[in-house]
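*Asks:* return atomic coordinates for the entry below.
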Amino acid sequence: MVVLDATIVNIALPSAQQALGFSNSGRQWVVTAYALSFGSLLLVGGRLGDMFSRKWVFITGLLGFAVASAIGGAAGSFAVLVAARALQGAFGAVLAPSALGTLVSTFQDSRERGRAFGVFGSVAASGGAVGLILGGVLTEYLSWRWCLFVNLVFAAMAVAGALAYIRGGRPASRPRMDWPGAVLVCTGLFAVVLGCSRAATVGWTAPLTLGSLVGGVLLLAGFVAAERRVRHPLLPLRVVLDRARGGSYVAVGISGVAIFGTFLFLTFYLQVVKGDGPLTTGLLFLPMTGCILLSSNLSSIMGFGPRALIAAGMLLGAGGMAVLTQVTVTSSYVGAVLAALVLLGLGLGLIFAQAINTATAGVAPEDSGVASALVNTMQQVGGSIGTSALSTIALGATATYLIGHRTSPLAPAIAATHGYTVAFGVSSGLFGLGFVLAIVLLPPRRRLADVNEAPAATPDASDPPRVLVPAVPAAPAAAPARRQPSEAIPVALCSCSPVTSTGRITRIQ
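*Replies:* The predicted structure follows:
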């Protein structure tokens with residue numbers, strides 16, 4: 001539901017703009033409003049799942065997301081649509097970590113854990129693929145509004161399943177909400193995401209951009225300092241100071257920086273330069289989605305540790321981006337784009353399957369929601385920074401090319417493609433940096449082999465089959481956290497989806 005929504009809404013944007021009559025500069029706020037609320041509230045949403053019954057936090061997130069989708073689908077003005085998207089982001093920040101946190105805290109046996117996350121990842125990957133196709137079909141043949149209304153169907157099915165199969169239960173020792181920390185991290189992340197979002201339109205040196213970024217960094221620094229002193233921190237530093245988990249968060253963040261903006265440029269290349277429609281563009285991205293699903297599932301049986309697999313994924317990603325630097329106005333999809341998508345899909349499947357599993361393995365049950373939320377936070381903030389930074393780089397390269405080649409009738413298309421290839425080259429370099437950091441930060445496999453498995457929860461024989469979410473007493477303060485085996489989570493790249501636009505290439509001038 002979350003992955004599909006990101007894909008569908010982006011594809012519906014051009015039609016929504018035409019129907020509601022908002023400007024090109026306003027169009028970005030349909031995406032930014034969601035990113036601001038989602039990215040800034042994720043840690044708070046993750047902690048709510050640790051504090052209360054995960055079943056009811058999960059259901060609350062589903063219902064709120066559905067109501068916000070209905071408001072957005074029925075919006076009669078731009079302001080209502082933006083407000084609905086912000087509300088979607090807020091409930092998405094509750095829904096996403098509670099879904100992953102439920103799996104983390106429920107399945108402790110290594111075999112069951114791998115199987116459960118296999119289903120989770122397959123649904124996520126198929127959700128991205130279905131969103132690409134369904135968004136194009138609904139937009140072209142029905143209305144952009146159905147791209148939001150469709151969430152009501154998925155929410156209804158998910159709520160029914162949660163009521164039937166998830167057993168609720170509060171933890172015996174419920175963590176408290178760290179309100180000062182919550183205010184600091186929410187405002188800090190909000191300022192960082194806002195600054196990065198504004199940089200793409202007004203530049204990095206604009207007062208609002210600089211003020212937001214500097215203020216956000218200072219607020220986040222204050223948050224880290226506060227978490228070292230409070231008794232019940234919102235983000236226990238033990239979650240991120242572990243070498244394996246910290247390295248995994250870095251891998252997720254760097255990958256988000258490299259690929260979010262790249263999907264944007266590749267979509268513009270296919271639609272604006274090559275002239276493909278929304279539905280066709282969605283179909284052309286399917287090989288990458290299939291390769292993500294393939295490599296993430298294979299990574300669980302390869303027998304290598306997270307460091308080797310994440311490093312290999314970074315190299316594949318760098319190779320895919322390097323291939324995209326060779327595209328031209330006359331390049332064919334099969335000759336220039338398909339191979340890059342295959343390499344990217346295989347690489348991303350390895351990176352995110354291993355990084356997300358390692359980032360959430362071994363955390364105490366009362367910290368599983370926050371650990372899961374931090375994965376989404378790294379993706380969201382990294383993606384926002386990547387989109388803004390790479391957009392600035394691409395637009396600068398495009399403008400520079402146009403200065404000396406204005407006489408050619410194909411100059412706008414060639415200049416835009418040149419800007420895209422420059423951004424692809426920078427993304428390739430970021431993946432290379434990720435390869436180096438994966439080798440340096442992530443421990444070798446032998447350091448992760450000595451683990452203590454917790455017994456799997458067993459349902460009562462008289463009950464119907466259920467997913468158990470038991471109340472777990474708090475671990476003694478002096479006891480070290482136990483790390484679960486590093487089984488791969490074949491999870492798709494959540495919230496990384498093409499942004500579709502019908503804008504003409506001449507607007508780049």
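
*Asks:* which residue sits closest to residue 435, ignoring its sequence neighbours?
*Replies:* residue 314 (3.9 Å; CB to CB, 6 or more residues apart in numbering). (Glycine included, C-beta is placed from N, CA and C.)

*Asks:* next one: residue 433
*Replies:* Using CB to CB, 6+ apart and skipping residues adjacent in sequence, the residue nearest residue 433 is residue 254, 6.5 Å away.

*Asks:* name the SS class of residue 401, please.
*Replies:* State at residue 401, reduced to three classes by DSSP: H, G, I helix; E, B strand; the rest coil: helix.

*Asks:* wait, it sits on residue 412?
*Replies:* No. At 9.8 Å, residue 401 and residue 412 do not qualify as touching, with contact defined as CB atoms under 8 Å.

*Asks:* which one's more surrounded, the two?
*Replies:* The residue with more neighbours, out of residue 401 and residue 412, is residue 412; 22 against 19, by other CB atoms under 10 Å.

*Asks:* next one: that one from residue 273, what distance?
*Replies:* Distance check for residue 412 against residue 273: by CB to CB, to the nearest Å, it reads 9 Å.

*Asks:* residue 307 contacts residue 437, doesn't it?
*Replies:* No. Applying CB under 8 Å, one finds residue 307 not in contact with residue 437, separated by 10.6 Å.

*Asks:* which residues do these two both contact?
*Replies:* Overlap of the contact sets of residue 307 and residue 437 (by CB atoms under 8 Å, 6 or more residues apart in numbering) consists of residue 247.

*Asks:* picking that back up, show me what contacts the residue nearest to residue 435?
*Replies:* Listed by CB under 8 Å, 6+ apart, the contact set of residue 314 reads 251, 255, 347, 351, 431-432, 434-435, 438.

*Asks:* from memory the residue nearest to residue 433 sits against residue 432, does it?
*Replies:* No. With contact defined as CB under 8 Å, residue 254 does not count as touching residue 432 (10.1 Å).

*Asks:* settle it for me: which of the two has more neighbours?
*Replies:* Higher neighbour count among residue 254 and residue 432: residue 254, with 24 against 18, using other CB under 10 Å.

*Asks:* any buried residues in whatever helix or strand the more buried one lives in, and which?
*Replies:* In the assignment (DSSP states H and E), residue 254 maps to helix 243-268. Along helix 243-268, these residues count as buried under the neighbour rule (16 or more other CB atoms under 10 Å): 244-268.

*Asks:* and the helix or strand where residue 240 lies, which residues are buried?
*Replies:* Using DSSP H and E, residue 240 sits in helix 237-241. Buried residues in helix 237-241, counted by 16+ other CB under 10 Å: 239-240.

*Asks:* who's in contact with residue 161?
*Replies:* By CB under 8 Å, 6+ apart, residue 161 has no neighbours at all.

*Asks:* name the element it belongs to?
*Replies:* Going by DSSP H and E, residue 161 is in helix 146-165.

*Asks:* any idea of the mean pLDDT for the helix or strand that that helix is followed by?
*Replies:* Counting by DSSP H and E, the next helix or strand C-terminal to helix 146-165 is strand 166-167. If you average the pLDDT over strand 166-167, you get 78.

*Asks:* try stretch 331-343
*Replies:* Computed over stretch 331-343, the mean pLDDT rounds to 89.

*Asks:* buried ones in the host helix or strand of residue 45?
*Replies:* Following DSSP H and E, one finds residue 45 within helix 24-51. Using 16+ other CB under 10 Å as the burial criterion, the residues of helix 24-51 that qualify are 27-51.

*Asks:* go on, stretch 371-386?
*Replies:* 371-386.

*Asks:* so which of those residues belong to helices?
*Replies:* 371-386 (DSSP state H).

*Asks:* what is the nearest of these to residue 420?
*Replies:* Comparing those against residue 420 with CB to CB picks out residue 386 as the nearest, at 14.2 Å.

*Asks:* any idea how far the closest residue to that closest one other than its chain neighbours lies from residue 423?
*Replies:* Leaving aside its chain neighbours, residue 386 sits nearest to residue 257 (3.7 Å; criterion: CB to CB, 6+ apart). Per CB to CB, residue 257 is found 12 Å from residue 423.

*Asks:* Three-state assignment for residue 328, please.
*Replies:* Secondary structure, three-state DSSP: residue 328 is coil.

*Asks:* for it, phi and psi?
*Replies:* Backbone torsions for residue 328, taken as degrees, to the nearest 10, come to phi -130, psi 180.
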